[in-house]
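In: here's my sequence, what's the structure:
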Amino acid sequence: MTDKFKAWASKEMGAEWAAAIKVDFDPNSLKFGIGGVEVSGFGGKITLNNTLQSRLMLAYETQLPTLRGTLFSS
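Out: Below you'll find the predicted structure:
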């Protein structure tokens, strides 16, 4: 997968930029849960949390106003 990304980055951003891409896997940072992935980059400045729990919380937060309206509207 890293090779595919590097090929794309080389084409879009240039070979020098793509050469600086480094992917590390840290088995010590693994958390146990129900599926998904957490990715961080640039020393933790950019993070992506795409776990099942985070997706369920997003659905909960976005649908809460609709649910309140359904339950409590007259």
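In: going by C-alpha atoms from here, please, whenever you check contacts or count neighbours.
Out: OK.
In: what are the contacting residues of the helix or strand of the chain with the lowest mean pLDDT?
Out: When each helix and strand of the chain is scored by mean pLDDT, DSSP states H and E, strand 36-41 comes last, with a mean of 82. Strand 36-41 has contacts (C-alpha atoms under 8 Å, 6 or more residues apart in numbering) with 46-52.
In: in stretch 7-15, which residues are buried?
Out: A9 (16 or more other C-alpha atoms under 10 Å).
In: can you give the contact residues for it?
Out: In contact with stretch 7-15 (C-alpha under 8 Å, 6+ apart) are residues 16-19.
In: what mean pLDDT does it get?
Out: Averaging pLDDT along stretch 7-15 yields 89.
In: where along this structure do the strands fall?
Out: For the chain, the strands defined by DSSP state E occupy 36-41, 46-51.
In: export these to CSV and tack on distance to D26 and mean neighbour count?
Out: Shown next, in CSV, are the strands of the chain (distance: least, C-alpha to C-alpha, whole Å; neighbours: other C-alpha atoms under 10 Å):
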stretch, distance to D26, mean neighbour count
strand 36-41, 11, 12
strand 46-51, 15, 12
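In: still on that earlier bit, just the CA coordinates for the least confident helix or strand of the chain, please, in CSV.
Out: Presented in CSV, the C-alpha positions along strand 36-41 are these (Å, rounded to 0.1, in the frame of the first residue of the first chain):
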residue,chain,number,x,y,z
GLY,A,36,-11.2,0.5,12.3
VAL,A,37,-8.0,2.4,12.2
GLU,A,38,-6.4,5.3,13.9
VAL,A,39,-3.6,7.1,11.9
SER,A,40,-1.4,10.0,12.9
GLY,A,41,1.2,11.9,11.0
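In: between it and strand 46-51, how many degrees?
Out: 180 degrees (axes from the mean of the first three to the mean of the last three C-alpha atoms, to 10 degrees).
In: strands paired with strand 36-41, and their directions?
Out: Paired neighbours of strand 36-41 in the sheet (DSSP bridges): strand 46-51 (antiparallel).
In: who's in contact with the strand it pairs with?
Out: In contact with strand 46-51 (C-alpha under 8 Å, 6+ apart) are residues 34-41.
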